[in-house]
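Sequence and predicted structure are below.
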Amino acid sequence: MNNDQGDIIESQKQQDDGEFLAAPEESGGSATGAVIAGVGDVVKRIGRYRWTICALLFFASAINYVDRQVIAILKPTLQKEFGWTDIDYGWIIFAFSTAYALGFIFAGRFMDKFGTKIGFTVAIILWSIGAMMHAWAVGVGEFALPILTPIIDGLLSVVNAVITPLGFAPWSIVLSVSVAGFIVARFVLGLGESGNFPAAIKTTAEWFPKKERALSTGIFNAGTNVGALVTPLVVPILVSIWGWYEAFIVTGVLGFIWLAFWLVMYKRPDEHPRLSAEELAYIQSDPAEPTTKVPWGKLIRYRQTWAFALGKFLTDPIWWIYLFWVPDFLQRQHGLDLKSFGLPIAVIYIIADVGSVGGGYISSALIKRGYTINRSRKTAMLICALAVLPIVLASVTSSLWLSVILIGVAAAAHQGWSANLFTLTSDTFPKQAVGSVVGIGGMFGAIGGMVIAPLVGYILATSGSYVPIFIIAASAYLLALLIIHLLAPKLEPAAIDA
């Protein structure tokens, strides 16, 4: 029996199980009523504590994005106070992306070695400290400036050696104390935040059977949209009451509040006292997987690893464009400011939330209808890739709300895409390797972010237009899906024992 046949049989079993467990709870004097009452007992016996764990992941992702996005909301304020150019801002975002990429080299392996409880704890402590460091960035910059200046000059010399022969004007930047300080703060933030998704995906692989992983991933990934939605609504209020310094401190404290709940509520499924035997059996209902540890050196030999990594490299930077540059776009294109762009940005991420859950739902629903995992995931990803294309129109329309809707649909499509892309790792690798594979892919996604951050700053500094930026966004997903399909045409599990 080949893999696709096995997927169909397993999917049919999942569909039958899902229909049985989803029956309404009601009772009556008939045999039917007794059967339905029995269904209610089964649902009750199985339990739902795994969804409590999913809720913890949801809030961690929300906090992750609050801390990440504050600087985008405050960009006009900080630019005015410190005199930053778009290129300055691009290099500050570059620092986050660089740390994010470096962190992913170690984060996945760290999660696999020490477990998600310890791993998540270390990650959120580090990124919360980094978030609060922004408030004292100028002081930090006084010490960092002499160290960072030769590093940035060296990077620019390499970049200019590549782009100048291609006909592009050479880049230059003179670091100020404020830029140096924010670069350090963003670096610490990015290093800590690199642990969030390897930990969350590994937790999902441990706490959910394959039939529920895309949906659970979509749900916790929706937390990123909630964080991005809340930030433009809350940060202007914090700034108006206290100032931008305090806005960074208050948002940074959120991680420590979450950490208290994590330490109290989280254990591995086979160690958790609140998990019923029935729910544990349900979680562990997938076929047994190999337990041999897989080193990074071996993981990078698999086409499945590269399918995930290149998918991340091409599409993660697009999400970072939405996150770090949309407030600037709304200011340039439609004249909005700190007090007025909160609602449009909130609407964008409300729409994005629908895509995060919807993308996971589409593939899960197709699996339950008997489609193979391969066909289900790629169909969902194709739908998402096509939904991004109209974003090009957002850069040329004069209508604020049409721009908001087009960007919102593209952001929703990205989140639906991301839910399925992340799930590919647990579809094709055993649990003990998932964290490492996510780490490799996250590193490549962050490298893509390293490329896009100064590139966007350069495009805006030279052209003042978002048209080429949104063209890049529109084309990235179809290209990524083509590469994924060529590398993993059937999404077959990696033969790690071969």
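In hand now; what should we look at?

avg pLDDT for the helix or strand where residue 70 lies?
In the assignment (DSSP states H and E), residue 70 maps to helix 49-73. Averaging pLDDT along helix 49-73 yields 92.

May I see the buried residues of the following helix or strand past it?
Following helix 49-73 in sequence order, the next helix or strand is helix 75-82 (DSSP H and E). Within helix 75-82, the residues scored as buried using 16 or more other Cβ atoms under 10 Å are 75-79, 82. In short, each C-beta sits where N, CA and C put it, glycine included.

Any buried residues in the helix or strand following helix 75-82, and which?
Per DSSP H and E, helix 75-82 leads on to helix 86-114 as the next helix or strand towards the C-terminus. Within helix 86-114, the residues that qualify as buried are 86-112, counting by 16+ other Cβ under 10 Å.

what's the answer for stretch 488-497, then?
Quick answer for stretch 488-497 (16+ other Cβ under 10 Å): 488, 491-492, 494, 496.

Check stretch 48-62 too.
49-50, 53-54, 56-62.

re the thing from before, helices or strands next to the helix holding residue 70 in the packing?
helix 116-133, helix 177-193, helix 196-207, helix 210-241, helix 244-265, helix 277-283, helix 303-334 (3 or more Cβ pairs under 8 Å, 6 or more residues apart in numbering; DSSP states H and E).

Distance to residue 441, mean neighbour count and mean pLDDT added to those helices, as TSV?
TSV is the format used below for the helices and strands packed on helix 49-73 (distance: least, Cβ to Cβ, whole Å; neighbours: other Cβ atoms under 10 Å; pLDDT from 0 to 100):
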stretch	distance to residue 441	mean neighbour count	mean pLDDT
helix 116-133	17	22	94
helix 177-193	15	25	94
helix 196-207	9	28	87
helix 210-241	14	22	85
helix 244-265	24	17	93
helix 277-283	24	16	80
helix 303-334	4	23	92
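
Make CSV out of those and add distance to residue 478.
CSV is the format used below for the helices and strands packed on helix 49-73 (distance: least, Cβ to Cβ, whole Å):
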stretch, distance to residue 478
helix 116-133, 33
helix 177-193, 28
helix 196-207, 23
helix 210-241, 21
helix 244-265, 36
helix 277-283, 36
helix 303-334, 10
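
how near is residue 363 to residue 213?
Counting by Cβ to Cβ, to the nearest Å, the gap from residue 363 to residue 213 is 10 Å.

Residue 432 too?
16 Å.

thinking again about what came up before, out of the helices and strands packed on helix 49-73, nearest to residue 381?
Smallest distance to residue 381 across the helices and strands packed on helix 49-73 (Cβ to Cβ): 8.6 Å, for helix 303-334.

any idea of the angle that closest one forms with helix 86-114?
Per axes from the mean of the first three to the mean of the last three Cα atoms, to 10 degrees, the angle that helix 303-334 makes with helix 86-114 is 150 degrees.

Quick one: low-confidence residue ranges for the stretch 351-498 of the chain.
The model of the stretch 351-498 of the chain has pLDDT under 70 over residues 497-498.

just so I have it, where are all the helices in it?
373-388, 400-428, 431-463, 467-487 (DSSP state H, counting those that start in this stretch).

Reformat those as a markdown table; add distance to residue 322 and mean neighbour count.
Below are the helices of the stretch 351-498 of the chain laid out as a markdown table (distance: least, Cβ to Cβ, whole Å; neighbours: other Cβ atoms under 10 Å):
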| stretch | distance to residue 322 | mean neighbour count |
| --- | --- | --- |
| helix 373-388 | 11 | 22 |
| helix 400-428 | 5 | 25 |
| helix 431-463 | 11 | 23 |
| helix 467-487 | 8 | 18 |
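
Among the ones you listed, which comes closest to residue 122?
When the helices of the stretch 351-498 of the chain are ranked by distance to residue 122, counting by Cβ to Cβ, first place goes to helix 431-463 at 13.5 Å.

and the closest one, what other elements does it pack with?
Right, helix 431-463 is packed against helix 86-114, helix 196-207, helix 296-299, helix 303-334, helix 400-428, helix 467-487 by 3+ Cβ pairs under 8 Å, 6+ apart.

Just send those helices back as a markdown table, with distance to residue 283 too.
Shown next, in a markdown table, are the helices and strands packed on helix 431-463 (distance: least, Cβ to Cβ, whole Å):
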| stretch | distance to residue 283 |
| --- | --- |
| helix 86-114 | 18 |
| helix 196-207 | 6 |
| helix 296-299 | 25 |
| helix 303-334 | 23 |
| helix 400-428 | 13 |
| helix 467-487 | 28 |
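
for the helices of the stretch 351-498 of the chain, which one sits closest to residue 116?
helix 431-463 (8.1 Å).

chain center to that closest one, what's the gap?
11 Å (Cα atoms, centre = their mean, to the nearest Å).

angle of it against helix 303-334?
Using the same axes, to 10 degrees, helix 431-463 lies at 30 degrees relative to helix 303-334.

before we move on, the earlier item: for the helices of the stretch 351-498 of the chain, which one sits closest to residue 306?
helix 467-487 (5.6 Å).

Please name every helix or strand in contact with that closest one.
Looks like helix 467-487 contacts helix 303-334, helix 373-388, helix 400-428, helix 431-463 (3+ Cβ pairs under 8 Å, 6+ apart).
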